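**Student:** following is a predicted model, sequence given first.
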Amino acid sequence: MGAHGSNLENILEEDMHHWYNKFTRESPSGLVTLFELKSMLEMNGMTEEASSYVDQVFFTFDMDGDGYIDFVEYIAALSLLLKGEINQKLKWYFKLFDQDGNGKIDKGELETIFKAIQDITRSYDIPPEEIVTIIYDRIDVNGEGELTLEEFISGAKEHPDIMEMLSKMMDLTNVLEIIVRGQKQKPAVK
């Protein structure tokens, strides 16, 4: 995960009491709303897809569905993304990709998420349509144009290159660091 990963791992290893104090200092109510998250991430001017992606990330972290991310959900999300087992991460990716909640990921859902990720990260190395084509050509064994959770997990695990691509695209280290530190990152001056 690079330099950002080391910083986050150091933060996770801090005394929990100290960490909780940091969280409550940045969010005095002890809760983070979707609006606050978007403010922290400076989401003004982002595309509709990028905004929708942040919504989806928020709602997958809001495990009890109350419209807030509390400290326990926050710690659980950080632990999952930084130290979670491969199956846990793949289940979370699937939940994030399955925007309509029907238990299957279709090509449109996946392409929308990848476009949003690229809008947020400003990294446009591979067109989203190409990424989706690669994934479906390799792991949609039934050729239905949809992936179930089981197909998604087994396909990603059988194809290390797809797993690596998903891991890189889904790396939320920068987002998590902004949230954890409660600071807005300034764009690099060129």
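**Tutor:** Sure, I can see it.
**Student:** now the strands for this structure?
**Tutor:** Here the chain has its strands, by DSSP state E, at 31-32, 69-70, 104-106, 146-148.
**Student:** indicate which one of the ones you listed is closest to Pro128.
**Tutor:** strand 104-106 (13.6 Å; CB to CB). From N, CA and C alone the C-beta is placed, and that goes for glycine too.
**Student:** for the closest one, the averaged confidence score.
**Tutor:** Computed over strand 104-106, the mean pLDDT rounds to 93.
**Student:** given it, what are its sheet partners and their directions?
**Tutor:** strand 146-148 (antiparallel) (DSSP bridges).
**Student:** ok, for Asp98, nearest residue in space, not its chain neighbours?
**Tutor:** Once flanking residues are discounted, Asp98 sits nearest to Ile105: 5.4 Å by CB to CB, 6 or more residues apart in numbering.
**Student:** what about that neighbour, distance to Glu129?
**Tutor:** Distance from Ile105 to Glu129, counting by CB to CB, to the nearest Å: 15 Å.
**Student:** swap in Leu78?
**Tutor:** Taken as CB to CB, the span from Leu78 to Glu129 is 32 Å.
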